[in-house]
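Trainee: build me a model:
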Amino acid sequence: MKKIILAALAIAALAACNKTEVVGVTESNAIAFDNAFVDNATKSVNDPSFTTSNLTDFAVYGFVEGAVLFDGTQVSKGITNNDLDSDWKYEGTRYWIAGAQYNFNAVAPMTNGGWTKTAADAASTTLSFTNNGTTDLLYATAAQQGQVSGNAQVAFSFRHVLSKVKFSFENAYNATNATIKVKDITIANPHKTADVVLTDGTVWSNQTATDLVLEFGMATDDEATTDVKENAEVDYAFGKVYESQNERFLIPSATDYEYEVTFNVELLVGGSVVRTYAHTVKAEFAPAPGNSYDIKAVINAENIDPENEQEPIEFTVNTLPDWGTANNVDAE
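Mentor: Got it, this is the predicted structure:
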C-alpha cells in the first residue's frame, strides 16, 4: 500500500502588488476616506478574496494625539444598480486639527466578518476571529498630520491577514481507456477560532480546531471556462493537472499543523465508473499570513487504491498441446 503524498507549496504572497494611487483632497476640513486599495490575490477557479472592486465596508479605529476619534466606526459604500458608489461614507463628522498627529487602523469586512475587536490603539488592533473558510480578512493602517487646509483623504492599502489554500491533482494513471475524477475534497480539521494582533507584523495565537469542515468541491480543468469549471465534471487526461473548484481561507500558524484532507477518486473505464476510492491523508505545513498555498498530489496506479497497489494486466501463453492423430477416414 502506498498513500498519496501531499505537498503544500506557497505559490504567491497576496501582498506585494504595485499600485498607482491618486489621493483625493477634501473640500472642507472634514475627515474623509479615499478609495481603499486591496492588494491583489492569486486567482483560481472560485477565489473568495476581497478586491478593490468588491470591498463594500470596513471598521475604522482612529486616534488623534492618542485620543480616540473613531472606535470601530463603519465606513461603507452603497450599491446602486450593482455598481459601487464612488464615495466612502460614515455616520457623523470628524475634523482635522492643524498640526495634530492622526493614526488610523482599519479592519475589513465589518459586516459578517466573523471578528470581534478586543483592543485597539494607535499602533494596532486586536481581534477574536472565527473562520468560515469563505470570508476574507483585511487590515490596513494610515498615519497623517492635520493641515490648515487641503487635507488629503485617508487612503488605506489593505492586506490579507489569513492564508489561502487550493488543491491540484495530477493524473499519472497511465492506463489505456481509463480516466479518473477527484471529488468531494475537504479539509476536516482546520483551526476555526483564534486571536490576532494586527500590526505590521501580524501575530496569531490561541488557534483552536472545532467542527469546521472546508469544502473545495471537485477538481476541474484549469483550461476550462469559469462556467465549465463550476458546473461540469471533467474526465482527467493523462499527464494533466486539475485544480480544486474552490479556494478556502485558513487561520495562519507559526508552527506546522497537520491538516486532515479527504477526497474521493473515481476510476472510469470506457467512460463508466468502476470503482470509487475514498482517501484520508495528511498535509502538514505552517500557513503564513497573506500567503496562498497549492496542495499538490499525484494520482497513479500505486496510490489510487488506498489499500492496494494496482498491478498491470499481463498475458502469458501456456504450453500448447500436441496435435492428436486421428484414424484415417476414406473418402467415398
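Trainee: out of the helices and strands in the chain, which is least certain?
Mentor: Each helix and strand of the chain was given a mean pLDDT (mean pLDDT, DSSP states H and E); the minimum falls on helix 226-231 at a mean of 45.
Trainee: list the buried residues for the helix or strand following that one?
Mentor: Using DSSP states H and E, the helix or strand that directly follows helix 226-231 along the chain is strand 241-244. Under the neighbour-count criterion of 16 or more other C-beta atoms under 10 Å, strand 241-244 has V241, Y242, E243, S244 buried. For glycine as for every other residue, the C-beta is placed from the backbone atoms N, C-alpha and C.
Trainee: list the contacts of I313.
Mentor: Neighbouring residues of I313 by C-beta atoms under 8 Å, 6 or more residues apart in numbering: there are none.
Trainee: what's the answer for V273, then?
Mentor: For V273, the contact set (C-beta under 8 Å, 6+ apart) comprises E266, L267.
Trainee: and it, what element?
Mentor: V273 belongs to strand 272-285, assigned by DSSP H and E.
Trainee: only alpha carbons, please: show that strand as PDB.
Mentor: Presented in PDB, the C-alpha positions along strand 272-285 are these (Å, rounded to 0.1, in the frame of the first residue of the first chain):
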ATOM      1  CA  SER A 272     -18.100   4.200 -16.800                       C
ATOM      2  CA  VAL A 273     -17.200   4.400 -13.100                       C
ATOM      3  CA  VAL A 274     -16.000   1.000 -12.000                       C
ATOM      4  CA  ARG A 275     -14.600   2.000  -8.600                       C
ATOM      5  CA  THR A 276     -14.600   4.900  -6.200                       C
ATOM      6  CA  TYR A 277     -11.800   5.200  -3.700                       C
ATOM      7  CA  ALA A 278     -12.100   7.200  -0.500                       C
ATOM      8  CA  HIS A 279      -8.800   8.800   0.700                       C
ATOM      9  CA  THR A 280      -7.900  10.300   4.000                       C
ATOM     10  CA  VAL A 281      -4.400  11.800   4.000                       C
ATOM     11  CA  LYS A 282      -2.400  14.400   5.900                       C
ATOM     12  CA  ALA A 283      -0.900  17.700   4.800                       C
ATOM     13  CA  GLU A 284       1.400  19.300   7.300                       C
ATOM     14  CA  PHE A 285       2.600  22.900   6.900                       C
END
